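A.B. asks: sequence and predicted model, in that order:
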Amino acid sequence: MVRSPLIMVAFAGVVTAAAVTPSHFATAAPPPAAAVASGPGSAQLTSGWRIQSSATAGASGAEISRPDYSATGWLPISQPETLMAGLIENGRYPDVFYSDRLKSVPTDQFAVNWWYRDQLTVHPRAGGRTYLTMNGVLGTADLWVNGTKVADRAQLQGAYSRFEYDITPYVHDGANAIALDVAKNDPKTYLSDSQLDWNPHSPDQNTGLRFAPQLSQAGPVSLRNVHVGQSNAKDLSSSDLTIKADLRNDTATAQRAEVRETITHGGIRVAVSARADVPAGATRTVTLSPADHRQLHLSHPAVWWPYQLGGQPLYHLAADVRVGGRTSDQYAEDFGIRTVTSDLTPVVDGKTHAPHGYRRFLVNGVPLVIRGGGWSPDMFLRYDPRNIGDQLAYVKNLGLNTLRFEGNLPPDDMFAQMDRAGILAMPGWQCCDRWEDPIAKWPEALRANAANQATRVAQWLRNHPSVFTYFQGSDEAPDATKETIYLDAFAAADWQTPQVASAEYKSSPKLGPSGGKEGPYNYVPPGYWWANGPETAGSDPTFTNTGSAWGYDTETSAGNTVPTQDSLNRFLTPADQAKIWDLSTTKGPGTGPDLFHVAPSYGSYTKTARMGQYNTPLWNRYGPWTDMASYQKIAQMGGYEVTRAQFEAYLGRSKDPANPSPGVIYWMLNKAWPSLHWNLYNYDFDQPGVYFGALKAGEPVHIMYDYADGSVKVANLTRTRQDGLSATARIIDMDGTVKGERRVAVSGLASQDVQTVLTPKVPSDISRTYFAELTLKRRDGGTVSRNVYWLSTKPDAVDWSKTLGQGSGAVFEPGGYADLTGLQSLPAATVRATASTRRDGADAVTTITIRNTGTGRVPAVFTRADVRRGTPDGRALGGDDQVRPIRWSDDYVTLWPGQSQTLTARYRAADLRGSSPVVTIGGRNVADGVVRAKIG
């Protein structure tokens, strides 16, 4: 029998995860018991947990949840987590991502239930109440406290569910125990998390606790659902703040309460309060607004902006409720002041490809080109705040401004870090699985669970300034009933940013057309993204998985990502690596040997489980390879050029009057494990060619080449107008002869503006493979942007009739590959590199200058620098000596004789591990070398 009353009011707290070892996830140690003091507020139950299989435990919940139960032999875990995370933390399955070791994890051990147990010390407050809040269960769970069952698995389930239980009758002063009997997760049955077709599913299906439970204590009146609403002037000259709080009386007598709210920012302090009579067993909402508290009208507030447009000031709200002159409960959170709006771009009759226009977002009135990536958690949902900080640093290094979360929402710490970093968050429900089953297949209990999860998510994310929207559908739009469940929950939470029906071009009854689209997901040539004309509209009425850089594309990329050799050595055997470049992979889509880390062969895109889809066009465009070394040179160039083109096209076409491209989400930003599919950087922070192609396209002020018409465009992603610029284009033969050069002045470039500035002439006598060097300079000669392209007089020819609507990638016309084979005949180039390193706080900054010292005209093509751990006399240590994570100003540079370029790389000095920094250099036609980068 379930004894505890369920309080159906979502707890107004944040979800956090304990920090783990920065470079790798935590190793288990005997967990200390959690301790909760007798004061008001809440504590995250992140310590003291152990897990054990029910097949081993052999005891009942009544026994296991007693404080005197002996958990000898149980596995200690550093925080609530999934079963696989716990097993790995305890030394099971070491280096599980290496080669195909993941396949060897026995899955039958997860067919039985597992126990989660926490031993904690509680000092109940005299005359107060104690509450236990469960924050998400992956699978289902029965909950026991001190020998009493307080919740049943019929209710306790759902990735983002939040259930609060009054456990006052069951807690003791001193030792207490909590136990959960957790049954296996099944994303096809429950409203849970899964990583879909992104990677292999975890052997335990991510069974376990999604976020840490909370233990809270309060006096007669609890404080819940505290939040700040804002009404901002259009010009942001003022902001009216409204604070709401629910006062809940859990006693049998009426209570008079005083709620006090204080908002601070810098030297600003706004304090307001109100009194309320709360009947016995009732909840009363208190609203404090400028109508009654003029202090809540802020003149010239500090406004939060995405990082490229301004600062990220945060206000702090501290609230408490007092009864009889004593604090009964308290709460605190940060929020930012900003305005987000959204609309659909105008439809131009006969020219706009989509019937309703395209989704567009404005932040503080500024139309923003969304440039982002789809984020993935670790395969076992392990979380490390420093790892996330490093990932967000990469996002800013790349010039991206947005992360999409298709379900798989991270702990609150990540959203808080994004608030501080000025990176936008685009969350929403995940596709497929139980979430997108028809509503007729959702029983009433599941609908109630969906409402609970929607309420929790809306209350959780509403005051994060980084969260600028919520997608209420992914591949599908919600039907009328689902939409009502979601929208009612978000309305009750006072959600203020735009909500969108679907990530595809679909509609829901109330939200209307989404204005988004998806795909492609596999290889397309760089010119694909720039293609324009009626043929790119295709015949697909949903405008899904089709076309080039027009519209708001919520997930798309050219498919495979080939890691660097350093990265491949970390997770693949030599035999595995040979499958990547195997010549049988050049015979078309689906050809070549199976490779476990390539793609989700268990998912919907089965052909991408082999490298044929990607390698065939590389082979035909760049020419043959004979081994991994020669393949690497081609694959990194190929990844660079197509990723650069994707981001440049969505930027360059963003102002098109009929078919603008308001945003693009690269699919994906990262991966849950080491992967050769869908990522800009690898699990180990490896930076392959695709990373630097995106970095080049993400320059704040940028010059770019339009593959469709051969024009040159410039763009300004900063908040500041750019004046006094000039653009130069040089067309250069393979032998280094400059066949054409043109320079023009650039008129004032406004914030978020894109201009076409010139179209260089390509002479008929140029080599079949040639270069275009574009530079953008200031009046003083300083280079703002430099961009080198390798092009062909024989462009790629895509068969649009076979390509559009199927989403898997480009279908080429017979013989329709660009000819870039001239790169294979490049003579060797000679370069000289110098490097030095300085300390900047905890960071080291290495500066490298690369100069082409050749006496002829041979360019040093696609030259890469890496910082490595080395010896004092300038030798690399060898083995896994690459320093990462690391942020570069640029890399993979191409230089003609007499030219030089200076690069900077920033990284943690501690990652040198006591060794000396050295820099290795290598390129398409540049021999490998190494230089010292001594710290001065």
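C.D. replies: Ah, there it is. Values in this document were obtained by computation on a predicted structure and should not be read as measured data.

A.B. asks: now the residue lying farthest from the centre of the chain: closest residue in space that isn't a chain neighbour?
C.D. replies: What lies farthest from the middle of the chain is residue 253; by CA atoms, centre = their mean that is 48.5 Å. Spatial nearest neighbour of residue 253, chain neighbours left out: residue 280 (5.4 Å); criterion: CB to CB, 6 or more residues apart in numbering. The C-beta positions use only the backbone N, C-alpha and C, and glycine is treated the same way.

A.B. asks: kindly report the same for residue 815.
C.D. replies: Excluding its sequence neighbours, the residue lying closest to residue 815 (CB to CB, 6+ apart) is residue 797, at 7.9 Å.

A.B. asks: shouldn't the one you found be in contact with residue 816?
C.D. replies: Yes. Using CB atoms under 8 Å, residue 797 is in contact with residue 816, at 3.1 Å.

A.B. asks: if we can go back for a sec, can you pull the contacts of the residue nearest to residue 815?
C.D. replies: Counting by CB atoms under 8 Å, 6 or more residues apart in numbering, residue 797 touches 812-813, 815-817.

A.B. asks: could you work out the most separated pair of these?
C.D. replies: 813 and 817 (9.1 Å; CB to CB).

A.B. asks: and stretch 556-571, how far from the chain's centre?
C.D. replies: In terms of CA atoms, centre = their mean, to the nearest Å, the centre of stretch 556-571 is found 18 Å from the chain centre.

A.B. asks: got the end-to-end distance for it?
C.D. replies: Length of stretch 556-571, first residue to last, CA to CA, to the nearest Å: 26 Å.

A.B. asks: report the buried residues of it.
C.D. replies: Buried residues in stretch 556-571, defined by neighbour count with 16 or more other CB atoms under 10 Å: 556-568, 570-571.

A.B. asks: ok, the residue nearest to the spatial centre of the chain - contacts?
C.D. replies: Centrality entry for the chain: nearest residue to the mean C-alpha point is residue 375, 2.8 Å, by CA atoms, centre = their mean. By CB under 8 Å, 6+ apart, the contact list for residue 375 reads 391, 403-405, 408, 410, 668-670.

A.B. asks: with neighbour count added, can I get these in CSV?
C.D. replies: Shown next, in CSV, are the contacts of residue 375 (neighbours: other CB atoms under 10 Å):
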residue, neighbour count
391, 20
403, 25
404, 26
405, 23
408, 20
410, 23
668, 23
669, 25
670, 22
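
A.B. asks: end to end, how far does stretch 51-66 reach?
C.D. replies: Using CA to CA, one end of stretch 51-66 lies 15 Å from the other.

A.B. asks: report the buried residues of it.
C.D. replies: Those would be 51-53, 57, 59, 61, 64-66, for stretch 51-66 by 16+ other CB under 10 Å.

A.B. asks: which strand or helix spans residue 71?
C.D. replies: Secondary structure assignment for residue 71, by DSSP states H and E: no helix or strand.

A.B. asks: quick one: pLDDT of the closest residue to residue 54 other than its chain neighbours?
C.D. replies: In this structure, residue 54 finds its nearest non-sequential neighbour in residue 113, 4.4 Å apart by CB to CB, 6+ apart. Turning to residue 113, the model gives it a pLDDT of 98.

A.B. asks: I'd guessed residue 113 sits against residue 181; true?
C.D. replies: Yes. Using CB under 8 Å, residue 113 is in contact with residue 181, at 5.4 Å.

A.B. asks: how close does residue 622 sit to residue 798?
C.D. replies: The gap separating residue 622 from residue 798 is 17 Å, by CB to CB, to the nearest Å.

A.B. asks: neighbour-wise, which of those two wins?
C.D. replies: Set side by side, residue 622 and residue 798 show more neighbours around residue 622, with 26 against 23, by other CB atoms under 10 Å.

A.B. asks: count of neighbours near the nearest residue to the more buried one once chain neighbours are set aside?
C.D. replies: Nearest residue to residue 622, sequence neighbours excluded (CB to CB, 6+ apart): residue 634, at 4.5 Å. Residue 634: 24 surrounding residues under other CB under 10 Å.

A.B. asks: quick check: which element contains residue 634?
C.D. replies: Secondary structure assignment for residue 634, by DSSP H and E: helix 628-652.

A.B. asks: which parts of that helix are buried?
C.D. replies: Neighbour counts using 16+ other CB under 10 Å place 631-652 of helix 628-652 among the buried residues.

A.B. asks: same deal with stretch 74-81?
C.D. replies: Neighbour counts using 16+ other CB under 10 Å place 74-81 of stretch 74-81 among the buried residues.

A.B. asks: and those, which two are the farthest apart?
C.D. replies: So, those by CB to CB: farthest apart are 74 and 79, at 15.3 Å.

A.B. asks: alpha carbons of the helix or strand where residue 931 lies, as CSV, please.
C.D. replies: Here residue 931 sits within strand 926-932, counting by DSSP H and E. C-alpha atoms of strand 926-932 as CSV (Å, rounded to 0.1, in the frame of the first residue of the first chain):
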residue,chain,number,x,y,z
VAL,A,926,53.8,20.1,-46.8
ALA,A,927,56.0,17.6,-45.1
ASP,A,928,55.5,17.0,-41.4
GLY,A,929,57.6,19.0,-39.0
VAL,A,930,57.8,20.1,-35.4
VAL,A,931,58.9,23.4,-33.7
ARG,A,932,59.4,24.4,-30.1
